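**Student:** Next comes the sequence, and after it the predicted model I'd like to discuss.
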Amino acid sequence: MSESTLKQKTIGALLWNLVDRVGQQLLLFVVNVIITNLLSVKDYALIGMLAIFTAIATIIIESGFVSALIRKQDATESDYSSVFYFNVSISVLLYTLLFVSAPSIAAFYNQPQLTDLARIVFLALPLNSLSLIQTTLLNKQVNFKALAKVNIFSLIISSICALTMAYQGWGVWTLAWQPVILAFSRSALLWIFSKWRPIATFKLSSIKELFGFASGLLLASLINSITTNIYSLVIGKHYSTNEMGYYTQGNKYSVMVISAIYSSLQTATYPIFSSIQDDRERSIRSYRKTMRFTSFLTFPFMIGLVCIAQPFISLILKPEWAGCIPFFQLVCLGGIFTVLNTINQNFAKVQGRSDLIFRLEIVRTGLVIICLLGTLGQSALVMIAFQTVAQIAIYLISIYFIGKAVGYHWLKQLQDIAPYAAISAAMWGVLLIPATYIPTNYILLPTQIIIGILFYYLVNRLLGSTILQEATDLLLKRNKK
């Protein structure tokens, strides 16, 4: 694969993933806004209390095998089938354990209704496990177009069902059934349209071989998931239902955006980095290019959301949800560094350094726990503010150690991302001006969006941004075709 072909394939993969993820998140966002205005703060608080259990179980089911299979260039049908049977078996076992544990979860939060809610929500786990291999194969083949169609169509099905339930007065049960219907629809569509079927073979040797690489990722992902979701556990246990609802909703909206970027980059860059892992110099060039492209997109988008949060959320949600705005803004700021860490960790994984990722997750856990314990007596908002500070510190620590291990010095990375961070910070300052003088949200919101886009584009153009030029050229070529 030539350098120009690799560049186009990388940017093309990123764009298709963005179409997929952004398309999903936009649809999910519209549906969620409608449902949010029909449901209560408590409804979202109850579902938010289950987030940590779903997240941990999902990580255990996947067990790092998806990354291991994508990385393995000569994976066999026995490998795929063995992992399939392993994942499905683990998912059934975990669902059984969570089903039995549901009353204990409800007692922990002192919310009896959680027993039945949990048993429905957790049904998504075994359903999702049924399509892990089909998803892995499409990612490995960089066939994101097919995956995008399945994801968006399954989301449409679940959204129609959720809207129907919400309008018919199902309340919190709407939120419980929505992910289950999504998981069922997605798995069913992937089985219908994918040619892959498991063969009647299970080889423990395949599991052992893949787990040698996957184990480090599993442990790192588990620690990451626990530290990320521990806030929902602590806020749900020690703070009011309203604060839990505000945090859940603010976090949910920001994670929609972060997930669109994060997942797109993770799924697009990992198979491409894997395909050139033996060419170190070329890998580093691709790594740096991806980091600059990521910064070019992420900084203005996330900082822009922070700027427009107040008028935007005030317009789309009823007044009782105003308390979620500062939570949304803080998670968006921290999300910038979550996205950047995705690229760094993907490259470290390709280089076989899952051990380094695991050690960095240990450091991350320590920082998160220190911030959590140090703010436990404060408000939930102060707690999340310190979480954002911890994410920035984690990023700086990560680029030092990963850069040292793979040959991308931390100072070079900061130099690569600094222009886009600086332009976005300047954009933030500019957008504070109309916020001071325009009192009407209907006028303020479009004004800020237009000024923000024009400012970021024109400054990049004046400074001769090569990333802007390459992205523009690629889009124009695609439109001509």
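**Tutor:** The structure has been received and is ready for your questions.

**Student:** Quick check: what element follows the helix ranked longest in the chain along the chain?
**Tutor:** Using DSSP state H, we find that the single longest helix of the chain is helix 280-316. Of the helices and strands lying after helix 280-316 in sequence (DSSP states H and E), the nearest is helix 325-350.

**Student:** So what angle separates the directions of that next one and helix 280-316?
**Tutor:** 160 degrees (axes from the mean of the first three to the mean of the last three C-alpha atoms, to 10 degrees).

**Student:** Quick check: next helix or strand after helix 325-350?
**Tutor:** helix 354-374.

**Student:** Which secondary structure elements does the very next helix or strand once past that next one sit against?
**Tutor:** With elements assigned by DSSP H and E, the helix or strand that comes after helix 354-374 is helix 380-406. With contacts defined as 3 or more C-beta pairs under 8 Å, 6 or more residues apart in numbering; DSSP states H and E, helix 380-406 has these neighbours: helix 204-238, helix 241-275, helix 325-350, helix 354-374, helix 410-437. Where you see a C-beta, it was placed from the backbone N, CA and C, and this is true even at glycine.

**Student:** For helix 380-406, which residues meet the burial criterion?
**Tutor:** 380-381, 383-388, 390-391, 394-395, 398-399, 401-403, 406 (16 or more other C-beta atoms under 10 Å).

**Student:** how about whichever helix or strand Thr115 is part of: buried residues?
**Tutor:** Using DSSP H and E, Thr115 sits within helix 114-121. The neighbour-count check on helix 114-121 (16+ other C-beta under 10 Å) flags 114-115, 117-121 as buried.

**Student:** Tell me how far stretch 325-341 lies from the chain's centre.
**Tutor:** 11 Å (C-alpha atoms, centre = their mean, to the nearest Å).

**Student:** which residues touch it?
**Tutor:** For stretch 325-341, contacts defined as C-beta atoms under 8 Å, 6 or more residues apart in numbering pick out 246-247, 249-251, 253-255, 257-258, 261-262, 265, 291, 294-295, 298-299, 302-303, 305-306, 309-310, 313-314, 380-381, 384-385, 387-388, 391-392, 394-395, 398, 417.

**Student:** how close does the residue nearest to Leu175 when sequence neighbours are not counted sit to Gly245?
**Tutor:** The shortest distance from Leu175 to any non-neighbouring residue, by C-beta to C-beta, 6 or more residues apart in numbering, is to Ile47 (4.6 Å). When C-beta to C-beta, to the nearest Å is the yardstick, Ile47 and Gly245 sit 10 Å from each other.

**Student:** quick revisit: okay if I get the helices and strands packed on helix 380-406 as CSV plus mean neighbour count?
**Tutor:** Shown next, in CSV, are the helices and strands packed on helix 380-406 (neighbours: other C-beta atoms under 10 Å):
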stretch, mean neighbour count
helix 204-238, 19
helix 241-275, 23
helix 325-350, 23
helix 354-374, 17
helix 410-437, 16
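
**Student:** returning to what we had before: got the buried residues of helix 114-121 as JSON lines, with pLDDT and distance to Ile423 columns?
**Tutor:** Formatted as JSON lines, the buried residues of helix 114-121 follow (pLDDT from 0 to 100; distance: C-beta to C-beta, whole Å):
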{"residue": "Leu114", "pLDDT": "94", "distance to Ile423": "46"}
{"residue": "Thr115", "pLDDT": "95", "distance to Ile423": "51"}
{"residue": "Leu117", "pLDDT": "95", "distance to Ile423": "45"}
{"residue": "Ala118", "pLDDT": "95", "distance to Ile423": "45"}
{"residue": "Arg119", "pLDDT": "95", "distance to Ile423": "49"}
{"residue": "Ile120", "pLDDT": "96", "distance to Ile423": "46"}
{"residue": "Val121", "pLDDT": "95", "distance to Ile423": "42"}
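
**Student:** give me the number of residues near Pro446?
**Tutor:** Using other C-beta atoms under 10 Å as the criterion, Pro446 is surrounded by 12 other residues.

**Student:** quick one: low-confidence parts of the stretch 151-300 of the chain?
**Tutor:** Low-confidence segments of the stretch 151-300 of the chain (pLDDT under 70): 213-214, 216-217, 259-280, 282.

**Student:** Make sure Ala162 is actually in contact with Val180.
**Tutor:** No - contact criterion C-beta atoms under 8 Å: Ala162 and Val180 do not qualify, at 10.5 Å.

**Student:** These two - which one has more neighbours?
**Tutor:** Ala162 (23 against 19).

**Student:** what's the spacing between the more buried one and Ala176?
**Tutor:** Taking C-beta to C-beta, one finds Ala162 at 10 Å from Ala176.

**Student:** Same question for Leu356.
**Tutor:** Distance from Leu356 to Ala176, counting by C-beta to C-beta: 39 Å.

**Student:** And Ala166, by the same measure?
**Tutor:** Relative to Ala176, and taking C-beta to C-beta, Ala166 is found at 12 Å.

**Student:** Also Ile438?
**Tutor:** 40 Å.

**Student:** repeat for Thr298
**Tutor:** 32 Å.

**Student:** Compare those two (neighbour count), which wins?
**Tutor:** Ranked by neighbour count (other C-beta under 10 Å), Thr298 and Ala176 place Thr298 first, with 27 against 24.

**Student:** quick one: contacts of stretch 155-171?
**Tutor:** Applying C-beta under 8 Å, 6+ apart, the external contacts of stretch 155-171 come out as 24, 27-28, 31, 34-35, 38-40, 43, 173-175, 177-179, 181-182, 185.

**Student:** can you do 10 Å?
**Tutor:** The list of residues contacting stretch 155-171 from outside it, by C-beta atoms under 10 Å, 6 or more residues apart in numbering, reads 23-28, 30-32, 34-40, 42-43, 46, 173-186, 188-189.

**Student:** Counting neighbours, what do you get for Ser78?
**Tutor:** Ser78 has 14 neighbours, counted by other C-beta under 10 Å.

**Student:** before we move on, which element is it in?
**Tutor:** Using DSSP H and E, Ser78 maps to helix 77-109.

**Student:** elements contacting that helix?
**Tutor:** helix 41-48, helix 51-62, helix 65-71, helix 114-121, helix 124-129, helix 132-140, helix 204-238 (3 or more C-beta pairs under 10 Å, 6 or more residues apart in numbering; DSSP states H and E).

**Student:** Swap in 8 Å and give it another go.
**Tutor:** Applying 3+ C-beta pairs under 8 Å, 6+ apart, one finds that helix 77-109 makes contact with helix 51-62, helix 65-71, helix 114-121, helix 124-129, helix 132-140, helix 204-238.

**Student:** Now tabulate these in TSV and tack on distance to Gly429.
**Tutor:** Shown next, in TSV, are the helices and strands packed on helix 77-109 (distance: least, C-beta to C-beta, whole Å):
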stretch	distance to Gly429
helix 51-62	35
helix 65-71	40
helix 114-121	42
helix 124-129	43
helix 132-140	39
helix 204-238	30
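
**Student:** Alright, calling it a day.
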